[in-house]
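# sequence and predicted structure are below.
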Amino acid sequence: MLTEYAFWFLSFVAVFSAIAVLVSRNPVHSVLYLVVTFFAIAGHYFLLNAQFLAAVHIIVYAGAIMVLFLYSIMMLNLNQLDGERKSTWIKSAAVIASGSLMLVLVAVLRRTDEMIAIAPPTEEIGLVEVLGKALYRDFLLPFELASILFLSAMVGAVYLSKKEVATH
Amino acid sequence: MELLPNITVDHYLYLSVILFSLGVFGVIYRRNAILMFMSLELMLNAVNLALVAFSKQWGDTDGQIFVFFIMVVAAAEVAVGLAILMMLYRNMHTTDTDVLNKMKG
Amino acid sequence: MKELLITSLLGLAVLGLDILKLRKLIFPVILLALLGLLACVGMDWGHNENPFTNNMLLFDNFALGFTAVLTLLTFFWFLLTRDYFATHKGQVDMYSLALFSLCGAVVLTAYTNLVMLFLGIEILSIPLYVLAASKKGDEKSNEAGFKYFFLGSLASAILLFGIALVYGSTGTFDTNVLQAALEDLGQMPHQMLIGAIMIFIGFAFKVSAAPFHFWAPDVYQGTPTPITALMATVVKGAAFAALLRLFGGALLPALDTMSGVIAFVAVLTLIVANTIAAVQTNSKRLLAYSSISHAGFMLGAVLTANSTNPKVMIYYVLAYGIASLTSFSILHHVSQSQNDAEEMDIFKGLVKRNPIMAGAMTLSLLSMAGIPPLSGFLAKYFVITDVMAAGHTGLVIIMILSSVIGVYYYLKVIVAMFTPLENAGRIVVSSTQQFVLILLSVLMIGLFFAAGLVEILF
Amino acid sequence: MERLVSLIPLFPLIGFLYITFLGKGLSKNMIGGIASGAIFLSFITSIAVFSTQLHGEHTTIVKVIDWITAGSFDVDIAFIVDPLSTIYLLFITGVGFLIHVYSVGYMHEDEGFNRFMGYLNLFVFFMLILVLGDSFLTMFVGWEGVGVCSFMLIGFWYKDMKNNDAAKKAFIINRIGDLGFLLGMMLIFGWCGTLNYNELFIEGSAISSLSGEMATAAAILLFIGAMGKSAQLPLHTWLPDAMAGPTPVSALIHAATMVTAGIYMVARSSDLFAVSETALQVVTYAGVLTALMGATIALTQNDIKKVLAYSTVSQLGFMFAALGMGAYSIAVFHVITHAFFKALLFLGSGSVIHAIGGEQDIRRMGGLKKYMPVTYWTFLIGTLAIAGIFPFAGFFSKDQILAHAMENNLPVFILLMFASACTAFYMFRMFSLTFLGKFRGTHDQEHHLHESPKVMTIPLIILAIASVVGGFMGFPHAIGESIGIHHWLDHFLEGSVVMHASHMSAATETILALVAMAMAIIMILYARNVYVTKNTRALEDDEIESGLHHTLVNKYWFDEIYDALIRRPVDKLSIWLNKFIENKLISGIVDGSGDLTRNIGGVLRGMQSGQLVTYILAMIAGLIALLALFI
Amino acid sequence: MLTIALFAVPILLAGVIFLMGAQNAKKLALGAGIIQLILSLIAYQQLQSGTSTLLSFQQIWIEPMGMSIAFNTDGISMALILLAGVLSPLIIYASFNKEFKNAHIFYGLILLMIGAMMGAFVAADALLFYVFYEVALIPIYFIILMWGHGDDKVKVTMRFFLYTLFGSLFMLASLIYVQQHTAPKSFAFDAMYAAGRSLSSTEQGWVFAGIFLAFAVKIPVFPFHSWQPSTYRTAPTIGTMLLAGIMLKMASYGLIRLALPMAPQGIADHGNWAIVLSIVGILYASGMAIVQKNYKLLIAYSSIAHLGLLSAGILSGTEEGIVGGLFEMLSHGIIAVGLFFVVDIIESRLGTLDMSKMGGIREANPLFAFLFFVIVMGSVALPFTSGFVGEFLLLQGLSKYGMIAAGFAGLTVILGAVYMLRAFQMMMLGSQKGEFAPLTQHEKTVLVCVVLLVVILGLYPAPVLNPANLSLQTLFGTIR
């Protein structure tokens, strides 16, 4: 019962703060609302027994990524938005497009009645131990590959951020 | 099938759809590159939420592992994306995407 | 597995060699390693093994075939862009990024798990976002990088949503398990079909199929031409390999339901790309649209993945890749000799300015146009044959018409090359470049006659 | 002996080749000698071949080369030797030889002398092929060949565009006929599987598989060919214009030989025509109308050669009328006698023109009798022969046609009688205006008047003799019985053409002959009365007032009608097609499809706005659209 | 092997000329042309002697796709081989009066084109035929583009290339469609014939439509001809000769080789429109020819008229029509070369092709006028010229299809005379208007060769007709 209320509450917070992210005039506010959204989503993860993931989520998104965003906003001096004046047709297009996307998605997914045989749900899946085993055994290769991804992202980011030095 | 009492996987799916659509809305509606990024992150999170719900539904860790990788990639993407954005800003002194129309037709 | 190791380690090795101040070694090492990679492909041919991968990758003939083709294209790409990068300040970064990208491409040819698919796409793309924006002071390059990055991420999000839906209806990311589950089920869950469509859209973006192609002309134009060459060949080839691997394998049942959608996307792609290309005056954009139009053809090969093996696609990627590499690299030299102008006029008098380039360019354009006896003809021919066998008459007719339009705009470039120009200086390139261009020209013709080889191998 | 027949066309061919390619340095006399000699050799050979036929040899086929083989179609170049072809051979080579000799004199001063003699030889070659060919296709070879020679000779003086126009007109109108001929042949081949006379008519009877309407169609199509070549209504307009050529050409081609090819063709396929009553009717009426039309127009013409040309048209009409009534042998008889006297008349007129310095208008002549006695006398014989005065050759042949007409078809008889009367009148009108009375030309001309040289007059004399005695071939019973030969030609031709049956008694025949001749004499006297005794002047062109006269002078307006009905509409249509269909519609569609492509491209290009937001919107729209398909 | 040599030798020699440079390109090319002639004659001799081992070649190319490299020379190909063999040296020699820039490329392209056309004539595999058919397009495109004249040559060549390609792609589609009904997959003619005939009549009708569209553009048949006059006008005369003389014959040859045996029922039931178009084309093009003022355009339209008859006769499906068609290809090729060479001669002397500005050339140059006249007579199908044999047989074949059709088609006999004589008259006759330099030795040689060919083939067509007849029996044998 409690969990049900928690679901509805978290969902409401997530959606509300998401909307707030999108419509806030001040980017800093947007970032903060987004953090709220992330927390709400983390709450969902808890509800779904993905405790470790919830923790990682908070650390990565709220901790790392959002800080990065905030840092960029500061650096680019965007704390007050100049001329965020979208033409009305873009506004209405955004509403229509996202609205109809939502409707269509809901419509197509309503038919998901036939479900494949269900394995017995376990409460164990979200535990660090289980996750760790899966990650370092079954998903070792992708885990290693992720390092390549990071390496390339790093090389790329460094390259792009490097100031062109006249003398070489 | 209920993941929580009275809450089925469909609830989570619809929530995910709503967040995804909101992300789409933001991507179209905002024209500041950073805010568009943020909307994009919202979309990714919607996906993550769905995956975790499915993971719970199937009693399978793989879904959560996938979410883990999505976070990894998202971080990498943000790093590269913001680097590109910085460079853009250095050259054009704006992050307004409407000015990005040097090439068209 | 060796293939993946070689590519990823090669990227690292390049960085390492730079640190060790052994820059001179970088280029030869890359070439040798790529040749070694090809040799590995030869060794592994037909083994179908997947040790140490926990069902994440399978280097079957499909994977090896595409790996070989993509490696070969990368090999030529390195040779052709040598001059450009030799003076480039970020040479090492560029090389390692390109190699990482190749690494992603290799993953995409061999994945048997959707996690690997996702990672492969990102490893392929992220270095390219950087490469696209690599001309740091150039606003066009910045814009290209940003557009590519942003739209690419958006497409990734859609792709991910699709993967989530597929996972939601089966509970697995392993394509083999997925396939088995679908076979047990005997029908396609609706949610999975929706997931499949969203995955397809993710790929449609990568391969620049309409209406998800909008990034391509702008990005191709803004990106430094040598990088564009990589994008148009290796990236596109890898994306098609991945698409084919999924929809020709695990999601084959979805393909039947979706064939109308794919055919429609192919038709739209062909119409949009060819008609717009017909009015282009910017030669780089023209090649970009041409590349999009080829995506339309390749989608035809995807469409019939259920009735054939990957040889059609492999042949197409190889034939188109060679022609495309040739044309982009020549465009690069020609454009460079005229203050980076990209209008069609820069090709004027090329036949006098550098006959070898003019010849290779003519052959590559004609090959892309599908004129025999060039490999591009057979590539298109194979696709049309399959599409017709599958009964998509409308698509066949559109393909024919778009071939005609294609010839129109390719000929415009050719005409420019053969239009005399007063006081035009020669375009001088290194003899290696010339040799590679000649080699590629020979390949374009040779692959036509040796098309049987592809048959023998598969 | 029949093998010799291959030599007959060979001589003129060699003559032509020799003159054309090796004749450059030779003297004119030498060239003349070669050309005439070639024909003479043919003539001699023809006599030899003729004599074998005379002794009752059978029809013989002499194959020369394989020609066209395609599927079941198989035609060789081969020659047929039978009475019909031999008789034609004789007069073609005979008259041809005389005209060659005459030409040596007539064309002596012309710079194109060599060319002229070469063409003449070539013409004779093709004419011989036409006659000798053993199948319709081989006949067609000669048929077209003589057409080209006629084209080249009409336009011989090519610097004057009028001559060229005439030549072109002749060729094109002939081609209209040729199309009929071709289609007729195709019909015959389609139904009978062969084009050989031997298989069709002589030994086999393949033609019998062509029945009823098909036979009619085939016969009429062939006859259209004959109309073209033999200048029958309505394809006659080229022949008068063809007089633009040198006079010997008019004599040889447009009077004696080529224009009678049509008669030869109909006679050759008499088995076919005999099957179809309708076709014969068509032939008859075309012939009669042509005879009438030619004769009436000739009444008013003032160009000496035009008069003769219309006379030829009219006489050809007589022949076709005879053919149409089934009297094939009589038609051939008239062909031969006509060849003699018409060649004579043309050569005579040539002699006059030669003497008077190129003048052809009889209103500017008169009184030439005293200057040119030989020409005068021979011309008189020719005139009497054509007018049908006993005992000249024309009398016999024409009389038999009239007799046959009276027997078979009274209206035709009456019309032919009328035409015949006109003939007598216009011939004597011309004769009188030319030779009698006083000279009306300039003094200068008068001063130069002279008799032609021997080389010209001797052929005249020989032809005059032939015109006198030529009738022996077809003496009617009334005369022939007493000397042992009557209807010799009929008997001779029996194997080649279908014979007509005559039930007419000798007495009726005699009476008819007398009536016809009396009428001719009356007309002659009337003409003499008008133009000699009363010395009436022929009207100048601008003095003509009566409508009928106008119509006749303008040849029933045929040229103008054709111009208005065919030539100008075709031209207009072509110009219209060129302007609108070719340059607007067809190019419009072709270029338009390109423009359409570019326009679509232009519109789609507009969507590629460079704005990120539109790209995103497009992607999302695509996503929505694809998903919506699976709701 | 000999069959291979027929097309491989010119291609190799083209390479040699490319490499040798412009110095002696002309003479080398002529040598190559003469070699081609000799090869053709040897092939002819081989065919006649019946020892045909040298004449066919078979090699698997891509087996599962049913593609093979197969060549064969029979009586039907022989007519075209002879055409190309005779015309190649003649056309090359005809170009000797001009100096071309980059002669080695020019002549190399010409040889390349000759090789490709030869390849199409000897191919025994439908796809291979298609490949050669397309390949031949490239050299001529460059020849016209680089050595043509006129401000709009880019546009004209583009239209030419696109239009013909457009058509031939539909042929490819038809071929693929038929090939999918072969078992095992094969493009070999025999297999394709069998597969084509196993289709229903309607399917055959569509297959035929696709193939005919390709050939209709190239032959060209009304209303697909609009590329042709402008291309002829623009092309250098030697290019026009190659086009009209040999290249466009590939299409009519293809009609015999591919369309007739593959879709006989389809043509019989649903092919009437093609014959009607062909016949309308005869009349239409004649009308166009009548109003032309430019001699070259007149010849271009007259070509369309003649080829309309060619197409109609072949499509009648009768043996006379087909053999006649083959012969007409040969004859029209030779005559076209002659007529276009006259263009060259006149243009080089008068600098104009406007007929109203000519006249009196006969007076100035009787020999030229004479030779021209013979060629004109060949064009109007005078008996004892080659034109007659072909056109007569075509009409004869068409008449078996329908007398009315033959009647309309036969109007070409009249209309042809109208426009050709008009042209001859305007150009040659009348009084002399100006100087007209005598023919050079080289011009004389070319014209005399053409005239001799026209006359000899007209007198004795059997050497071409007989092998064609024999092979046609075999072809029809397999069809029935």
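Structure's in. What do you need?

# what about D:Ile14, how many neighbours?
Residues near D:Ile14, counting by other CB atoms under 10 Å in any protein chain shown, number 16. C-beta here means a position set from N, CA and C on the backbone, and glycine is covered the same way.

# cool, and D:Trp191?
Other residues near D:Trp191 come to 16 when the count uses other CB under 10 Å.

# hang on, it in a helix?
Yes - D:Trp191: assigned to a helix according to DSSP: H, G, I helix; E, B strand; the rest coil.

# would you mind confirming that C:Ile26 is in contact with C:Tyr95?
Yes - look at C:Ile26 against C:Tyr95 with CB atoms under 8 Å: they come within range, at 6.4 Å.

# looking at those two, which one has more neighbours?
C:Tyr95 (24 against 20).

# do whichever helix or strand the more buried one is part of and chain B come into contact?
Secondary structure assigned from DSSP states H and E places C:Tyr95 in helix C:91-110. No - shown here: helix C:91-110 not in contact with chain B (CB under 8 Å from any CB of the partner chain), separated by at least 10.5 Å.

# may I have that helix as PDB, with CA atoms only?
Taking Å, rounded to 0.1, in the frame of the first residue of the first chain, the C-alpha atoms of helix C:91-110 are listed here in PDB:
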ATOM      1  CA  GLN C  91      47.400  13.600 -36.300                       C
ATOM      2  CA  VAL C  92      47.800  11.100 -33.400                       C
ATOM      3  CA  ASP C  93      44.400  11.800 -31.900                       C
ATOM      4  CA  MET C  94      42.800  11.600 -35.200                       C
ATOM      5  CA  TYR C  95      44.400   8.300 -36.000                       C
ATOM      6  CA  SER C  96      43.500   6.800 -32.700                       C
ATOM      7  CA  LEU C  97      39.900   8.000 -32.900                       C
ATOM      8  CA  ALA C  98      39.500   6.600 -36.400                       C
ATOM      9  CA  LEU C  99      40.900   3.300 -35.100                       C
ATOM     10  CA  PHE C 100      38.500   3.300 -32.100                       C
ATOM     11  CA  SER C 101      35.800   3.900 -34.500                       C
ATOM     12  CA  LEU C 102      36.900   0.900 -36.500                       C
ATOM     13  CA  CYS C 103      36.800  -1.000 -33.300                       C
ATOM     14  CA  GLY C 104      33.200  -0.100 -32.800                       C
ATOM     15  CA  ALA C 105      32.500  -1.100 -36.400                       C
ATOM     16  CA  VAL C 106      34.100  -4.500 -35.800                       C
ATOM     17  CA  VAL C 107      31.900  -4.900 -32.700                       C
ATOM     18  CA  LEU C 108      28.900  -4.000 -34.800                       C
ATOM     19  CA  THR C 109      29.600  -6.700 -37.400                       C
ATOM     20  CA  ALA C 110      30.000  -9.400 -34.700                       C
END
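
# what does the average pLDDT come to for stretch C:32-52?
Stretch C:32-52 carries an average pLDDT of 84.

# next, the buried residues of that stretch.
C:33-34, C:37-38, C:40-41, C:44, C:50 (16 or more other CB atoms under 10 Å in any protein chain shown).

# export that stretch as PDB, just CAs?
The C-alpha coordinates for stretch C:32-52 follow below in PDB (Å, rounded to 0.1, in the frame of the first residue of the first chain):
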ATOM      1  CA  LEU C  32      50.800  -3.400 -41.000                       C
ATOM      2  CA  ALA C  33      48.300  -4.000 -38.200                       C
ATOM      3  CA  LEU C  34      45.400  -3.600 -40.600                       C
ATOM      4  CA  LEU C  35      47.000  -6.100 -43.000                       C
ATOM      5  CA  GLY C  36      47.500  -8.300 -40.000                       C
ATOM      6  CA  LEU C  37      43.800  -7.900 -39.200                       C
ATOM      7  CA  LEU C  38      43.000  -9.000 -42.700                       C
ATOM      8  CA  ALA C  39      45.200 -12.000 -42.300                       C
ATOM      9  CA  CYS C  40      43.500 -12.900 -39.000                       C
ATOM     10  CA  VAL C  41      40.200 -12.800 -40.900                       C
ATOM     11  CA  GLY C  42      41.600 -15.200 -43.300                       C
ATOM     12  CA  MET C  43      42.800 -17.500 -40.500                       C
ATOM     13  CA  ASP C  44      39.400 -17.400 -38.700                       C
ATOM     14  CA  TRP C  45      37.400 -17.900 -41.800                       C
ATOM     15  CA  GLY C  46      34.800 -20.500 -41.400                       C
ATOM     16  CA  HIS C  47      35.500 -21.300 -37.800                       C
ATOM     17  CA  ASN C  48      32.500 -19.700 -36.200                       C
ATOM     18  CA  GLU C  49      34.100 -19.600 -32.800                       C
ATOM     19  CA  ASN C  50      33.300 -17.300 -29.900                       C
ATOM     20  CA  PRO C  51      35.700 -18.100 -27.000                       C
ATOM     21  CA  PHE C  52      36.100 -15.700 -24.100                       C
END
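
# tell me the contacts of the residue nearest to E:Val451 when sequence neighbours are not counted?
Using CB to CB, 6 or more residues apart in numbering or on different chains and skipping the chain neighbours, the partner closest in space to E:Val451 is E:Val374 (4.7 Å). Residues near E:Val374 by CB atoms under 8 Å, 6 or more residues apart in numbering or on different chains: E:385, E:451, E:454-455.

# who wins on neighbours among these?
E:Thr385 (30 neighbours).

# from memory it sits against E:Val455, does it?
Yes - between E:Thr385 and E:Val455 there is a contact at 6.3 Å, judged by CB under 8 Å.

# quick check: which element contains whatever residue of chain E ends up closest to chain B?
Closest approach between chain E and chain B, counting by CB to the nearest CB: E:Met158, at 22.2 Å. Assigned by DSSP H and E, E:Met158 belongs to helix E:153-179.

# who's in contact with the following helix or strand past that helix?
Sequence order places helix E:189-198 as the next helix or strand after helix E:153-179, per DSSP H and E. Helix E:189-198 is contacted from outside by E:66, E:124-126, E:175, E:178-179, E:181-182, E:186, E:204, E:207, E:257-258, E:261-265, E:478-479, using CB under 8 Å, 6+ apart.

# and for stretch A:128-141?
Applying CB under 8 Å, 6+ apart, the external contacts of stretch A:128-141 come out as A:52-53, A:124-125, A:143, B:61-62, B:64-65, B:68-69, C:52-54, C:56-57, C:115-116.

# could you flag which of those are buried?
So, of the contacts of stretch A:128-141, A:52-53, A:125, A:143, B:61-62, B:64-65, B:68-69, C:53-54, C:56-57, C:115-116 end up buried under the neighbour-count rule (16+ other CB under 10 Å).
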